[in-house]
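J.: here's a sequence, model it:
(chains A, B, C and D)
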2 protein chains.
Amino acid sequence: MLTDAPPNGARSGQPAAGARRATITNVAEALGVSKGTVSRALNGYPDISDRTRQRVRQAAERMGYLPSAQAKAIRTGRVGAIGLVLQVGEPDAQRPFLADFLAGLTTAASAENCSLTIATAQDDSETRAALSRLIAERKADGFILPRTRLVDPRIDLLRAAGVPFVLFGRTGDPTGCAWFDLLGEDAMDEAVRRLHALGHRRIGYLGGGVGLAYNALRLAGYRRALASLGLPQAPALETHGGTTMETGAAGAARLMAQPDPPTALVCATDMGALGAHRWACEAGLTIGRDLSLIGYDGVPEGEWVAPPLTTFEVDNRAAGARLAALLLRRIRGEPAEALRETARARLCPRGSDGPPALDPTALARRLEFTAQGHHDTKGGRP
Amino acid sequence: MLTDAPPNGARSGQPAAGARRATITNVAEALGVSKGTVSRALNGYPDISDRTRQRVRQAAERMGYLPSAQAKAIRTGRVGAIGLVLQVGEPDAQRPFLADFLAGLTTAASAENCSLTIATAQDDSETRAALSRLIAERKADGFILPRTRLVDPRIDLLRAAGVPFVLFGRTGDPTGCAWFDLLGEDAMDEAVRRLHALGHRRIGYLGGGVGLAYNALRLAGYRRALASLGLPQAPALETHGGTTMETGAAGAARLMAQPDPPTALVCATDMGALGAHRWACEAGLTIGRDLSLIGYDGVPEGEWVAPPLTTFEVDNRAAGARLAALLLRRIRGEPAEALRETARARLCPRGSDGPPALDPTALARRLEFTAQGHHDTKGGRP
DNA sequence: CCTCTTGCCGAAACCGGTTTCGGTGCGAAC
DNA sequence: GTTCGCACCGAAACCGGTTTCGGCAAGAGG
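T.: As a prediction, the model looks like this:
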């Protein structure tokens, strides 16, 4: 059996078989110097002679000594960990991104001797509770806040607690906030221009999570492009909440059920776009001809549908790395205003967009026709 | 600007605006008792009167006091965290599972006042380095080891260090190991029986990661079912390494390039099965008729292909929860041998399996025919 | 009335680090 | 030959908890 957690260890002075890690006292005794000297030597204080520093370094190396993060934290106030509370159970949780995102966070953090502490929560109140607890137990020196809202109670909580944080996304009141974000508005702008160049003149917006900051920004980018191109803009061309296949399909159905429906949809999320994709297939539309779709996120499922989804790819690993770097600087005291970065998502052209085969009126007639029962669904053609 | 990390705080006795968390000394002073009394009262020691215990509890609650995990750790040796090193960058990394898995881990852990510390690594040596560092810095009381190998250096490392751990999966030398695992061998067995009941008599195995424990177990389950049903078993019916679409396609191609190819493939992983799926489509086979496929994992992509993939669904959230619970008990000193659990994956029948339309010989002729150029690929039928 | 428990709690050691303060030895300057 | 400054390091306080030890008071028993 494994040596069961030796609580008080062998009473002997020599740890011997206990496999106990070396402490700073062990190193100090081995060298015949004081604890303080070892600490200062290893932490680069100037009032230690080079010879002593060398000896201490070598002894520490030889004994496999690494300072305990907890013991260090109790004095310095820094745990050497960044915190992240994931809200799972939400429809558009960050499924495929997560591994890459975490990899980015941890590699950047561990480059500065920091680890990552994570917690999960089902809803908003659990998230706040988890944050409070991590703060109270001092398990993290600062936090990454993903999926920012326009008004975000997490931000108020951290501001009030005086704990450093960095947003993944922007927010309504940016006072004292550092952030990293992708320019979703530019992506939506680019999507509209691309569709316009293909010949589309009536372009709809299938929005994402209501209240989430990204959705407001992407909507703004969509509208900006419409305005600059002189294309029509109308409430009937916009819908929101399309973050899953179900809601995406429902949103697409709503947008397309009008006399002059859009011939193309710019979608704030890939999952919403995939819902629209499925709806359009079932409505008998040929995607990329009758209806064009452009998504955003770069989820792997987008490659699986036919035709594959044109979308904007996000480098989540790089995002995680930048966020960790910013947070570490924030923890060291740099002002939040100096820690704001953005990046661009990369257009990934695939098959779901193309020149419109029909004008809006013809498209509406076509939809009405199939809706009246002339449907070719998965029954095979008789 | 936010109050920048007040290192030594205001010199005043009253923390006031510093927003500093209350310490045990604060609570003790507020009540006029000693630190020790507060500690004992909150930790349920028996030699504290009920009245005092109540007063301390209320004061702690009122002052928002929660003991610092680090300060506690320094004395008790327990950090109150479980560790997990994720190996990203591998082809069959746990992409879709991860969020659910983490949710299971953290909810089960936080129920016992534990958090989760994670690190990532690219390869084996980085993984070992990350483990060593987390141990040396005492950032975790124990570890979850996912994706176990038949011979796994991580296990040796943790055994030598005397650190508790629980495997997600089994391993070659189980001495001193606790684990949770899914009975992949039973799933493969069930898959073979299902195909046999459908009429298949020549069934192949598209194996997963070489050297990984699950692959050996699933192969054993496949062979066991063949033997018990009296079906032919041959090296030519087995291949390994199919953990991605590419390798899965290659494996399927190899298995099917023989005079009497299998009419059905039992696949150790969904990604391998999806590779076989794509290969079969491109080879002009009708999946579910010419060739049947059964996967394992329950990745979401399986629902996206046509026909959707019959597979075994794994409840990764529950797995995470069980693993965390086992690890916590292990940390408390329960013997590893008493902490071994298994669960079953649930068959999820979809469309990729059915009665065979051809016998092996006819199937081989069919494949040869299309290989000679009579191919109908995505060019449309001329 | 004295002793012996028993219940309850304070004092202080302790965990493993960091940091302040003060003191030594040495060479240089006066 | 003092005095001063400087480089270097030891002693000890400190961080925020836990745990051991011992003491006091009250009650029980003789």
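
J.: contacts, neighbours, all on C-alpha from now
T.: OK.

J.: closest residue of the stretch 51-200 of chain A to DNA strand D?
T.: Here the stretch 51-200 of chain A gets closest to DNA strand D at one residue, A:Arg75, 4.0 Å apart by Cα to the nearest atom of the strand.

J.: secondary structure element for that residue?
T.: Here A:Arg75 is covered by helix A:69-76, with elements defined by DSSP states H and E.

J.: helix B:69-76 and that helix, what's the angle between them?
T.: 120 degrees (axes from the mean of the first three to the mean of the last three Cα atoms, to 10 degrees).

J.: now the angle from the next helix or strand after helix A:69-76 to helix A:69-76?
T.: Moving toward the C-terminus from helix A:69-76, the next helix or strand (DSSP H and E) is strand A:81-87. With the same axes, to 10 degrees applied, the angle from strand A:81-87 to helix A:69-76 works out at 110 degrees.

J.: anything in the helix or strand that comes right after strand A:81-87 near chain B?
T.: Downstream of strand A:81-87, the first helix or strand assigned by DSSP H and E is helix A:97-110. Yes - counting by Cα under 8 Å from any Cα of the partner chain, contacts between helix A:97-110 and chain B involve A:Leu98, A:Ala99, A:Asp100, A:Leu102, A:Ala103, A:Thr106, A:Thr107.

J.: OK, contacts around the residue of the stretch 51-200 of chain A closest to DNA strand D?
T.: Shown in contact with A:Arg75 (Cα atoms under 8 Å, 6 or more residues apart in numbering or on different chains): no residues.

J.: let me know the pLDDT of the closest residue in space to A:Tyr65 that isn't next to it in sequence.
T.: Sequence neighbours aside, A:Ala22 is the residue nearest to A:Tyr65 in space, at 5.4 Å (criterion: Cα to Cα, 6 or more residues apart in numbering or on different chains). pLDDT recorded at A:Ala22 is 91.

J.: next to DNA strand D, which bits of chain A? Give me the list.
T.: A:32-37, A:46-53, A:71, A:74-75 (Cα under 7 Å from any atom of the strand).

J.: in the stretch 151-300 of chain A, what residue is nearest chain B?
T.: Nearest residue of the stretch 151-300 of chain A to chain B, counting by Cα to the nearest Cα: A:Gly176, 5.5 Å away.

J.: residue nearest the centroid of chain A?
T.: A:Pro146 (5.3 Å; Cα atoms, centre = their mean).

J.: doesn't A:Gly169 make contact with that one?
T.: Yes - with contact defined as Cα atoms under 8 Å, A:Pro146 and A:Gly169 form a contacting pair (6.9 Å).

J.: point out where chain A drops to low pLDDT.
T.: Chain A contains residues with pLDDT under 70 at A:1-19, A:90-96, A:373-382.

J.: what do you get if the cut-off is 80, keeping everything else the same?
T.: A:1-20, A:89-96, A:372-382 (pLDDT under 80).

J.: outline the domain layout of it.
T.: A:20-62, A:78-181+A:317-344, A:184-314+A:347-371 (automatic domain parsing).

J.: ends of the second one, what's the gap?
T.: Read that as domain A:78-181+A:317-344. End-to-end span of domain A:78-181+A:317-344 (Cα to Cα, to the nearest Å): 33 Å.

J.: distance between the helix or strand hosting A:Thr361 and the chain's centre?
T.: Under the criterion of DSSP H and E, A:Thr361 resides in helix A:360-371. Chain-centre distance of helix A:360-371: 39 Å, with Cα atoms, centre = their mean, to the nearest Å.

J.: buried stuff in that helix?
T.: Judged by neighbour count using 16 or more other Cα atoms under 10 Å in any protein chain shown, the buried positions of helix A:360-371 are A:Pro360, A:Leu363, A:Ala364, A:Arg366, A:Leu367, A:Glu368.
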